[in-house]
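>>> Quick one, what's the 3D model for this:
(one chain, ligands or ions: 1)
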Amino acid sequence: MNRGNLFIISGPSGAGKGTICNHFLNDDDVYLSVSVTTRNKRNEEIEGVTYFYDTVEGFERRIQDGKMLEWAKYGDNYYGTPKDIVEEKLNNGINVILEIEVQGAFKVKEQMNDAVMIFIVPPSMKELYQRLLDRGRESIGEINKRIDIAKGELKKAIYYDHIVVNDNLKDSVKKVRNIIDERKEKTNLISRLIEELE
Ligand code: 5GP
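Okay, here's the model as predicted:
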């Protein structure tokens, strides 16, 4: 059995990466990594499904204990990816999606240079601002902070393997699915050729 492939999905807050990723929850060949965060749980979120929520002390202990594949500070909070489960899924031939911000994305890429990096963008920044306002999750202050972070993130988008403009959700999900399938085909082809030599 071939090892699973790792996919990193980043993009400005409000670009729709979470919604796109949630479409893969029912796909048997894909595992959507559940991150740990120190930010407060939102009403609609579920512990262990959306995130694992931890205290700052708890999070820092996880880092010291070497439990995190990567971690970063976004705004005032820590976010990070638990290492063991990602390794376990990849070893079992399951593709893993990490929905993480850019600093963490590059930390993962340094360790796993075959990771496929996908950056999701909105059709325009005006639309992004409107989406953030419409979803009503964050205060205006928090939205402005996120837009500010987005500027820095967009400057890193050029280093990603793919940029998906999230104009239409269905199309975007299809594009991401195609990226996953293409990588799978590539890995299968290469390992078949190598096997022939063994
Ligand atoms: P939110 O607070 O909107 O759920 O997430 C804020 C940002 O943190 C998003 O850009 C999201 O992709 C990112 N994020 C979520 N989980 C992780 C993680 O495990 N590691 C890193 N580096 N970023 C994360």
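
>>> Next SSE downstream of the helix or strand containing Glu127?
Secondary structure assignment for Glu127, by DSSP states H and E: helix 125-135. Next in sequence after helix 125-135, counting helices and strands by DSSP H and E, comes helix 140-156.

>>> Partner strands of the next helix-or-strand element following that next one, with direction?
Using DSSP H and E, the helix or strand that directly follows helix 140-156 along the chain is strand 162-165. Paired with strand 162-165 in the same sheet, following DSSP bridges, are strand 116-121 (parallel).

>>> near the ligand at all, the partner strand?
No. Using C-beta under 6 Å from any ligand atom, strand 116-121 stays clear of the ligand, coming no nearer than 9.7 Å. Placement of C-beta: from N, CA and C, glycine included.

>>> what are the ranges of the strands in this structure?
Assigned by DSSP state E, the chain shows strands spanning 6-10, 30-32, 35-37, 51-53, 68-74, 77-82, 95-99, 116-121, 162-165.

>>> and among those strands, the most buried is which?
strand 6-10 (a mean of 25; mean count of other C-beta atoms under 10 Å).

>>> chain center to that strand, what's the gap?
Centroid displacement of strand 6-10 relative to its chain, using C-alpha atoms, centre = their mean, to the nearest Å, is 5 Å.

>>> what sits against Thr187?
By C-beta atoms under 8 Å, 6 or more residues apart in numbering, the residues touching Thr187 are Asn2, Arg3, Asn5.

>>> any idea how far Asn2 is from Asn92?
Between Asn2 and Asn92 the computed distance is 11 Å (C-beta to C-beta, to the nearest Å).

>>> quick one: the residue in the chain positioned nearest to the ligand from Val165, how far?
Nearest residue of the chain to the ligand (C-beta to the nearest ligand atom) works out as Gly104 at 2.3 Å. Distance, Gly104 to Val165, by C-beta to C-beta: 23 Å.

>>> likewise Val86?
28 Å.

>>> just Thr81 next, same as before
26 Å.

>>> thinking again about what came up before, roughly how far out does the helix holding Glu127 sit from the chain middle?
20 Å.

>>> Could you do stretch 126-138 as well?
20 Å.

>>> buried stuff in it?
Across stretch 126-138, burial judged by 16 or more other C-beta atoms under 10 Å covers Leu128, Tyr129, Arg131, Leu132, Glu138.

>>> so how far is Phe24 from the most centrally placed residue in the chain?
Central residue of the chain (C-alpha atoms, centre = their mean): Glu99, 1.3 Å from the mean position. Separation of Glu99 from Phe24 (C-beta to C-beta): 10 Å.

>>> now swap in Ala157 and tell me
Ala157 is 21 Å from Phe24, by C-beta to C-beta.

>>> Those two - which one has more neighbours?
Neighbour totals were compared for Ala157 and Phe24, and Phe24 leads with 19 against 16 (other C-beta atoms under 10 Å).

>>> ok now do the nearest residue to that one once chain neighbours are set aside, which residues does it touch?
Among residues not flanking Phe24 along the chain, Val30 sits closest, at 4.5 Å (C-beta to C-beta, 6 or more residues apart in numbering). By C-beta under 8 Å, 6+ apart, the contact set of Val30 is Phe24, Ile94, Asn95, Val96, Ile97, Ile180.

>>> Thanks again, I'm all set now.
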